[in-house]
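Give me a 3D structure for the following:
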Amino acid sequence: MKNKVIVVVGATGGIGSALTRKAANAEARLVLVARDKDKLATLAEELSGEVVIIPTDITKPEQVDALFKQVIVEFGQIDALVNAAGAGVMKPYSNVESADLDAMLDVNLKGSFYTCQRAAELMQERKSGHICNVVGILGKHSMPMASAYCASKYAVVGFSKCMAEELKRFGVKFTLFYFGGVDSPFWDNVSLKVDRKKMLSTETAASAILYALAADPQAVPMEINIQPESHLFF
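Here you go, the predicted structure:
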């Protein structure tokens, strides 16, 4: 991990912030990405080593382009991209409004696609790189009240696998993370009744991502599925 340039999208979220702390301790060089500049600055102050903050709205392709141009200016390369940003709307399918669906597709699908696309172009040139998409278990299994959310996450799985096939000959690896419920701020604005005490911790999720990033160069951890014991999908 030492000196690897890791771009963490959604750095101020629960999983993202936990990962940045672990990666900083492993002496990685970090690019923190989120929309809120003040939150990024606060997080950066807590971290040791080389840290750059780049406020970005990943739903805007022009901002994503500017993000990766700045990464190259700052570090000259990108070794890994971690997409940990996400938005959630949980309600019956009949109550899903167009704005709900747009929000899910814009952030979860389009935002992830734009960042993967731009990062992959740079990795392909170097013939090396690792893209980690935090999909969540609802990108693999369905659940009532999650039709719009599942639609966006299943789509992330689809494009990730297609890109992995196209890029494997260039040494670009993909890892998909199917975490079960993670006790993070994601749930603060979700109306479903859930027992957050039984969820995975953000530390557990971050450790799994760090494990994948630190794997031997010839190893490809393609999918990592971790769920809380209290709520398992098979």
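
where along this structure do the helices fall?
14-25, 37-46, 61-75, 98-104, 112-126, 147-167, 202-213 (DSSP state H).

Which one of those lies nearest to Ile6?
Proximity to Ile6 (CB to CB) singles out helix 14-25 among the helices of the chain, at 5.7 Å. For every residue, glycine as well, the C-beta is placed using N, CA and C.

average model confidence for that closest one?
In this model, helix 14-25 has an average pLDDT of 96.

what's it packed up against?
Applying 3 or more CB pairs under 8 Å, 6 or more residues apart in numbering; DSSP states H and E, one finds that helix 14-25 contacts strand 5-9, strand 29-34, helix 37-46, helix 202-213.

before we move on, back to that, out of the helices of the chain, deepest packed?
For the helices of the chain, average neighbour numbers computed from mean count of other CB atoms under 10 Å are highest in helix 14-25, which has a mean of 23.

And that one, how far out from the chain middle?
In terms of CA atoms, centre = their mean, to the nearest Å, the centre of helix 14-25 is found 12 Å from the chain centre.

coming back round to it: mind checking the helices and strands packed on helix 14-25 for the one nearest to Leu81?
strand 5-9 (4.9 Å).

List the contacts of that closest one.
Applying CB atoms under 8 Å, 6 or more residues apart in numbering, the external contacts of strand 5-9 come out as 16, 19-20, 23, 28-34, 56, 58, 67-68, 71, 75, 77-85, 111, 115, 119, 213.

and that strand with strand 29-34, angle?
10 degrees (axes from the mean of the first three to the mean of the last three CA atoms, to 10 degrees).

how many degrees apart are strand 5-9 and helix 37-46 in direction?
Using the same axes, to 10 degrees: strand 5-9 against helix 37-46 is 140 degrees.

and strand 5-9, which strands flank it?
strand 29-34 (parallel), strand 80-83 (parallel) (DSSP bridges).

what mean pLDDT would you report for the first one?
Per-residue confidence for strand 29-34 averages out to 98 on the pLDDT scale.

Over to stretch 206-218?
Regarding stretch 206-218, the rounded mean pLDDT is 94.

cool, stretch 98-110 as well?
The model assigns stretch 98-110 a mean pLDDT of 94.

Lowest mean pLDDT among the helices and strands of this protein, which one is it?
Least confident helix or strand, the chain: helix 98-104 with a mean of 93, by mean pLDDT, DSSP states H and E.

Excluding residues flanking it in the chain, which one is nearest Ala85?
Gly10 (3.0 Å; CB to CB, 6 or more residues apart in numbering).

quick one: the least confident helix or strand of the chain to chain centroid distance?
That offset, for helix 98-104, works out to 19 Å (CA atoms, centre = their mean).

ok, and what's touching that helix?
87-89, 91, 148-149, 151-152.

Let's see that with 7 Å instead.
Applying CB atoms under 7 Å, 6 or more residues apart in numbering, the contact partners of helix 98-104 are 87, 89, 148-149, 151-152.

So Asn3 sits against Leu30, correct?
No. With contact defined as CB atoms under 7 Å, Asn3 does not reach Leu30; the gap is 11.1 Å.

So for these two, which sits in the more crowded spot?
Leu30 (26 against 11; other CB atoms under 10 Å).

Tell me what angle the longest strand seen in the chain forms with helix 147-167.
For the chain, the strand with the greatest residue count under DSSP state E is strand 172-179. On the basis of the same axes, to 10 degrees, strand 172-179 is oriented at 160 degrees to helix 147-167.
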